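*Asks:* Starting from these lines, generate the structure:
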Amino acid sequence: MVLLYAIVAAAILVYVPFGAVALGRVQAGYDMAAPRALFDKLPPYAQRATWAHQNSFESFTIFSAAALMAYVTQQSGGWVNLAAIAYVAARLFYSIFYIQNIPLGRSLMFGIGSASIATLFLLSLMSLNA
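*Replies:* Numbers count the residues shown, from 1 in each chain. Modelled structure (predicted):
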């Protein structure tokens, strides 16, 4: 069940940075007729939040495939749960560090998230050869 809850949590986390984007849009004077043209007028934190939001979509697609693969191959236990929880935590802090402009923290969280995805794929593939 940890895998399924992690997928739901990761899906919700995709939209966490959008709160900062919305605040930046209000500050910049949101134009409903040309919402994408507003990007250059956003404050720097809101631009970074936009990038974090976009990256979250990209990362979520790969994570959900890895988590579903682990679920289908009936992976459970310590390493699988740790990888799923680590991914969710890393993605939360990734967005925070990105918006706060802490590149080292952002990169570290990206690495932890990527390692978590790789772990889920690897454990799933190893179970097929067992």
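*Asks:* element containing the closest residue to V14 other than its chain neighbours?
*Replies:* In this structure, V14 finds its nearest non-sequential neighbour in S56, 4.3 Å apart by Cβ to Cβ, 6 or more residues apart in numbering. Heads up, the C-betas are built off the backbone N, CA and C, glycines and all. Taking DSSP states H and E as the criterion, S56 maps to helix 44-72.
*Asks:* Could you list the low-pLDDT ranges of this structure?
*Replies:* Along the chain, segments meeting pLDDT under 70 span 130.
*Asks:* Can you show me the CA trace of the helix or strand containing A10 as PDB?
*Replies:* Assigned by DSSP H and E, A10 belongs to helix 2-13. This file holds the C-alpha atoms of helix 2-13, laid out as PDB (Å, rounded to 0.1, in the frame of the first residue of the first chain):
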ATOM      1  CA  VAL A   2       3.000   2.300   0.600                       C
ATOM      2  CA  LEU A   3       3.600   2.400  -3.200                       C
ATOM      3  CA  LEU A   4       0.000   3.500  -4.000                       C
ATOM      4  CA  TYR A   5       0.000   6.100  -1.300                       C
ATOM      5  CA  ALA A   6       3.300   7.400  -2.600                       C
ATOM      6  CA  ILE A   7       1.900   7.800  -6.100                       C
ATOM      7  CA  VAL A   8      -1.000   9.800  -4.800                       C
ATOM      8  CA  ALA A   9       1.300  12.000  -2.600                       C
ATOM      9  CA  ALA A  10       3.700  12.500  -5.600                       C
ATOM     10  CA  ALA A  11       0.800  13.500  -7.800                       C
ATOM     11  CA  ILE A  12      -0.300  16.100  -5.200                       C
ATOM     12  CA  LEU A  13       3.300  17.400  -4.800                       C
END
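*Asks:* from here on, count from 55
*Replies:* Sounds good: first residue 55 from here, last item helix 56-67.
*Asks:* No more questions from me, cheers.
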